[in-house]
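**Q** got a sequence here, can you build the structure:
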Amino acid sequence: MLSSCPFYHLPKVSNVLSSSRSSNLPLPLCKIPGGHGLPFFGPMKDRWDFFYAQGREEYFRSRMEKYNSTVFRANLPPGPWISSDPRVVVLLDANSFPVLFDNSKVDKRDVFAGTYMPSTTFTGGFRTCPYLDPSEPEHGSLKALFLSVLTSHHEEIIPLFQRCLKGLFHGLEAQLKRTGQAEFGPSNDALSLEFFFRLLCDGKSPLETKIESKGPYMLKKWIFCQVAPMITLELPKFLHPIEDFMLHSFRIPFKLVQSDYYKLYDAFSSSAKSFLDKAESFGLSREEACHNLVCVVGFNSFGISKWFPSLMTWVACGGKSLHRELAEEIRSVVRSEGGITFNAINKMALTKSVVYEALRIEPPTPFQFGKAKEDFVIQSHDSTFSILKGELILGYQPFAMKDPNIFDDPEKFIANRFVGEGEKLLKYVFWSNGRGIDEPTVHNKQCPAKNLVELISRVLLIEFFLRYDTFTAKVGNLSNPNVTFLTLKKASRT
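**A** I've put the predicted structure just below:
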């Protein structure tokens, strides 16, 4: 077992309610506690608490403790001027959270970003797949397209990702030799776009297009302009009022990134011929399919640019003992299976567990949203609550996946948590907008790249520990999970 990473200060999710797991008594129907305050002033105060006075983790924890409930009412930023309605019902436990996956009860239309929706000018005037509800015909066509394409490239994924990783490792080693340290982030940004672009664009590299090496930077700018109302730049305190006014009070206009976006669009349009041909067979126009392709590749590559540093941070915190265990498992299985095959990967129980534990403790997407389609009742561990039609529900994953009623030592990173009998807990890992045991389909909102992300995460660890015995690194914090390698000890034999 591993203790909590010494570089992180994880939120302590208090077990504010007594567990009712062993009780067969009917749970009481309770009024949802909390409130929204005065119009305008209530949301503004909550926004300041969320970003500055308390921070995201304390914002949710303090209210959970104040109301003695994992279900309560609050305001979610950005609030006035941007949000159509900042009022939400917050879910912080693993029992109530899965209602957000029930598409008979919740509508996912235009709630991908929460209480506001970026302008569709960022995506060519189209509402892209993340903003569509499964009941909308376009959602079924688009998601079926992506699932079909990923399935057709099934056999290409591992060798393609291995080739991308070789470039990453060579770059890190050269940088380490040259400067004495190697920053993972920039190399990982290039890797993530290179992989997704080659996978979905007929094997072409973004370097072969007009965007050249600027692709990751262009995508980050494009995404930043859409998500700015939900982030903070962590500037010095005296700049907080200015940042709050500039980032959280206005929508950033598309014109600031219009030129870059259409360079990206042209790169995909000219490179993804097979994808766009297939899109037409699904009843989609090439234009709509291409804007969706930019969106899916952009957000997934951006997600990987955040997720891989987080994964390597937790592996770094495990130290030599975890590194040794991973290296022994990986090398033994690869040797017995004769290579890195799907069968070999499935036999690496500890490697799989490490990936899921990192996803549990620090999911790449912290929020899930849904708007009630009808009146219904939800259940926490200790109470039931009535949700009214039209109410926006917010599930905060970092707390739901540290539910002490489900997980022992929920705040600790335990590498083998999901090994053996622990596999039964995978149904409580919600990182992909669905249960860890579920599969993406056209009828749900689970990320179509769910299995792909989990697979390449395991391949990253496999290739890393075939190449290196151990490493040391400086790591960042929860809001900025960067990794800078200080040493990379080459394996004596691989």
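**Q** where along this protein do the strands fall?
**A** Secondary structure of the chain (DSSP state E): strands located at 29-30, 71-75, 87-91, 106-107, 182-183, 367-372, 376-379, 384-387, 392-396, 468-477, 480-490.
**Q** got a markdown table for these, with mean neighbour count, distance to Met64 and mean pLDDT too?
**A** Every residue, glycine included, has its C-beta placed from N, CA and C. Shown next, in a markdown table, are the strands of the chain (neighbours: other CB atoms under 10 Å; distance: least, CB to CB, whole Å; pLDDT from 0 to 100):
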| stretch | mean neighbour count | distance to Met64 | mean pLDDT |
| --- | --- | --- | --- |
| strand 29-30 | 12 | 15 | 95 |
| strand 71-75 | 23 | 7 | 98 |
| strand 87-91 | 23 | 8 | 98 |
| strand 106-107 | 22 | 22 | 98 |
| strand 182-183 | 21 | 36 | 96 |
| strand 367-372 | 22 | 16 | 98 |
| strand 376-379 | 16 | 16 | 97 |
| strand 384-387 | 18 | 14 | 98 |
| strand 392-396 | 23 | 10 | 98 |
| strand 468-477 | 17 | 22 | 91 |
| strand 480-490 | 16 | 24 | 90 |
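**Q** out of these, nearest to Ser305?
**A** Nearest of these to Ser305, taken as CB to CB: strand 480-490 at 10.1 Å.
**Q** list the contacts of the closest one.
**A** Strand 480-490 has contacts (CB atoms under 8 Å, 6 or more residues apart in numbering) with 172-173, 176, 180-185, 234, 306, 309-310, 312-313, 316, 362, 467-476.
**Q** direction included, what does that strand pair up with?
**A** Partners of strand 480-490 in the sheet, by DSSP bridges, are strand 182-183 (antiparallel), strand 468-477 (antiparallel).
**Q** count the neighbours of Phe430 for me.
**A** 25 (other CB atoms under 10 Å).
**Q** quick one: contacts for Cys295?
**A** Thr123, Thr128, Cys129, Pro130.
**Q** pick the one among these closest to Asp107.
**A** Among the contacts of Cys295, Pro130 lies closest to Asp107 (CB to CB), at 13.8 Å.
**Q** does the closest one really touch Gly303, like I thought?
**A** No. With contact defined as CB atoms under 8 Å, Pro130 does not reach Gly303; the gap is 11.7 Å.
**Q** so where's the protein uncertain?
**A** 1-25, 478-480, 493-494 (pLDDT under 70).
**Q** any idea where the helices of it begin and end?
**A** 41-48, 56-67, 137-152, 157-179, 184-200, 215-227, 240-248, 258-271, 273-281, 286-337, 342-346, 349-361, 397-400, 450-467 (DSSP state H).
**Q** next, the angle strand 87-91 makes with the second one.
**A** Orientation check (axes from the mean of the first three to the mean of the last three CA atoms, to 10 degrees): helix 56-67 against strand 87-91 gives 80 degrees.
**Q** now the last one
**A** Relative orientation of helix 450-467 with respect to strand 87-91: 50 degrees, computed using the same axes, to 10 degrees.
**Q** what are the buried residues along helix 450-467?
**A** Across helix 450-467, burial judged by 16 or more other CB atoms under 10 Å covers 450-465, 467.
**Q** who wins for proximity to Ala358 among the strands of the chain?
**A** For these, the distance to Ala358 is smallest for strand 480-490, at 10.2 Å, taking CB to CB.
**Q** can I get the helices of the chain in a markdown table with distance to Ala415?
**A** A markdown table is the format used below for those (distance: least, CB to CB, whole Å):
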| stretch | distance to Ala415 |
| --- | --- |
| helix 41-48 | 37 |
| helix 56-67 | 23 |
| helix 137-152 | 29 |
| helix 157-179 | 22 |
| helix 184-200 | 20 |
| helix 215-227 | 30 |
| helix 240-248 | 37 |
| helix 258-271 | 38 |
| helix 273-281 | 38 |
| helix 286-337 | 5 |
| helix 342-346 | 17 |
| helix 349-361 | 5 |
| helix 397-400 | 19 |
| helix 450-467 | 11 |
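**Q** looking at the ones you listed, which is nearest to Glu374?
**A** helix 137-152 (19.7 Å).
**Q** who's in contact with that closest one?
**A** With CB under 8 Å, 6+ apart as the criterion, helix 137-152 contacts 127-129, 132-134, 200, 275, 278-279, 282-284, 288-289, 292, 296, 440-443, 448-449, 452.
**Q** whichever of those end up buried, select them in PyMOL.
**A** Only the buried entries of these go into this PyMOL selection, using 16+ other CB under 10 Å:
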select buried, resi 127+128+129+132+133+134+200+275+278+279+284+288+289+292+296+440+448+449+452
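**Q** for Cys30, see how far away Val377 is.
**A** 11 Å (CB to CB, to the nearest Å).
**Q** anything in contact with each of these two?
**A** Thr384, Phe385.
**Q** how about Val88, nearest residue that isn't a chain neighbour?
**A** Leu394 (4.2 Å; CB to CB, 6 or more residues apart in numbering).
**Q** tell me what that neighbour is bridged to.
**A** Val90, Phe369.
**Q** quick one: contacts for it?
**A** Contacts of Leu394 by CB under 8 Å, 6+ apart are Leu76, Val88, Val89, Val90, Leu91, Gly114, Phe367, Gln368, Phe369.
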